[in-house]
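Novice: the sequence isn't on hand, but the structure is:
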C-alpha cells in the first residue's frame, strides 16, 4: 500500500469525531472548557535523516516538525511524548532534545524507548491547547479568500544541498507557533508546509472542495532560479493559510493566490492546471 491508500483504508475504521476524518494533521478534542490538539509524526533513518546526521539536530527536528502541526492550529504546546529507538549518539540526541524543548518552552511528558535491529525510527506525540476556537482546519477555505504564506520556501532544500546560509533551515527548523496563535482568529483554513508548497496547497484545496489559483511570481522562494524545485521540495514549515479579503492579518505574510470555486483541478499554478498530486511534492510510497 502507498500512503494515500493506507490513509484511505484507515478512514474505514472507527474514528473519533476529533480525528476530522483524517483530513488534517491533528486531532481536536473538546474536554470541558478546554480544547486539546494532538499530533504525532515520525522520522526514519535513511528517509528523513542520514545515518551520519548529528543526532542533536535529528532530535530538534523531530520536536519542531510536530510543534509545526500545532502551530497550524493556533495551539500552545502542553508537552510531548517520545518514542525512541536506541542507537549511536544517544547522548547527542538527548542534548538536542533538551535544547529544542527549552527553545520552544515545551516539557517532556514521557514516552517509550526500545532497542531494535536495522535503521532507526523515532516518533513524537505533541499535545497542545487551543488558543482560539473553532480550531483552524484545512477544510474552511472559501471562494474569494486570499491564499497566503508566512515566509519563503526552498531554504531547507538549499540547506540540504549544502548552502551554508541555509543549513539551519534544514537541520533545525523553527515552527511558527507565535504566528499560528496570532493568525488563528483570522484565517478560514491553515496548515503547515512540510511536504512541498504545491502538494500541501493541493491537500488544502481538496479538503475545502475548492481550487487554489496560485501566482508563481508572487510565491516567495529562497532561489528564484529554482522556483519549480523550491515549491515542491518541502521541509519549510511555513504556514499556508486562506483568509477573507477584509481580514486584517496580525503578522507579515505573502499573498500568493486566490481561492476559486472548484474547477476541473484542485490547483492552478498560473495557467497550468495541476490535478495529479504524485508530481507535486513528497509522499511516502
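Specialist: It's in. Please read all numbers here as calculations on a predicted model, not as lab measurements.

Novice: tell me what the host helix or strand of residue 212 is packed against?
Specialist: According to DSSP states H and E, residue 212 maps onto strand 210-214. Packed against strand 210-214, as judged by 3 or more C-beta pairs under 8 Å, 6 or more residues apart in numbering; DSSP states H and E, are the following elements: strand 146-149, helix 197-208, strand 254-261, strand 267-269. Glycine gets a C-beta too; all of them are placed from N, C-alpha and C.

Novice: for the shortest one, which strands pair with it and how are they oriented?
Specialist: Translated: strand 267-269. Partners of strand 267-269 in the sheet, by DSSP bridges, are strand 210-214 (parallel), strand 272-274 (antiparallel).

Novice: gap between that strand and the chain center?
Specialist: In terms of C-alpha atoms, centre = their mean, to the nearest Å, the centre of strand 267-269 is found 20 Å from the chain centre.

Novice: so where is this structure shaky, pLDDT-wise?
Specialist: 282-285 (pLDDT under 70).

Novice: helix or strand: which one has residue 99?
Specialist: Using DSSP H and E, residue 99 maps to helix 90-103.

Novice: for that helix, packing partners?
Specialist: Where contact means 3+ C-beta pairs under 8 Å, 6+ apart, helix 90-103 is packed against helix 55-71, strand 75-85.

Novice: which among the ones you listed is found nearest to residue 29?
Specialist: Between residue 29 and the helices and strands packed on helix 90-103, the shortest gap by C-beta to C-beta is with strand 75-85, which sits at 11.5 Å.

Novice: now do the buried residues in that closest one.
Specialist: Applying a neighbour-count criterion of 16 or more other C-beta atoms under 10 Å, one finds 75-78, 80-85 buried in strand 75-85.

Novice: farthest-separated two in those residues?
Specialist: 76 and 85 (29.1 Å).

Novice: can you tell me how far the most far-flung residue of the chain relative to its centre sits from residue 85?
Specialist: Farthest-out residue of the chain from its mean C-alpha position, per C-alpha atoms, centre = their mean: residue 117, at 29.6 Å. Distance, residue 117 to residue 85, using C-beta to C-beta, to the nearest Å: 10 Å.

Novice: if I pick residue 114, what's in contact with it?
Specialist: For residue 114, the contact set (C-beta atoms under 8 Å, 6 or more residues apart in numbering) comprises 83-86.

Novice: so residue 186 touches residue 243, yeah?
Specialist: Yes. Residue 186 lies in contact with residue 243 (C-beta atoms under 8 Å); the separation is 5.7 Å.

Novice: what segments of the stretch 151-285 of the chain are helices?
Specialist: Using DSSP state H, counting those that start in this stretch, the helices of the stretch 151-285 of the chain run over 155-160, 167-171, 177-183, 197-208, 227-233.

Novice: for the second one, what is the distance to the chain centroid?
Specialist: Using C-alpha atoms, centre = their mean, the distance from the centre of helix 167-171 to the centre of the chain it belongs to is 16 Å.

Novice: touching it from outside, list them.
Specialist: Contacts for helix 167-171 (C-beta under 8 Å, 6+ apart): 54, 57, 60-61, 155-160, 235-236.

Novice: coming back round to it: angle of the strand holding residue 212 against helix 197-208?
Specialist: Orientation note: strand 210-214 sits at an angle of 150 degrees relative to helix 197-208 (axes from the mean of the first three to the mean of the last three C-alpha atoms, to 10 degrees).

Novice: name the residues of strand 210-214 that are buried.
Specialist: The neighbour-count check on strand 210-214 (16+ other C-beta under 10 Å) flags 210-214 as buried.

Novice: could you dump the contacts of helix 167-171 to TSV with distance to residue 4 and neighbour count?
Specialist: Shown next, in TSV, are these (distance: C-beta to C-beta, whole Å; neighbours: other C-beta atoms under 10 Å):
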residue	distance to residue 4	neighbour count
54	33	17
57	30	20
60	29	26
61	24	25
155	27	26
156	23	25
157	23	25
158	29	22
159	28	21
160	25	16
235	20	22
236	21	31
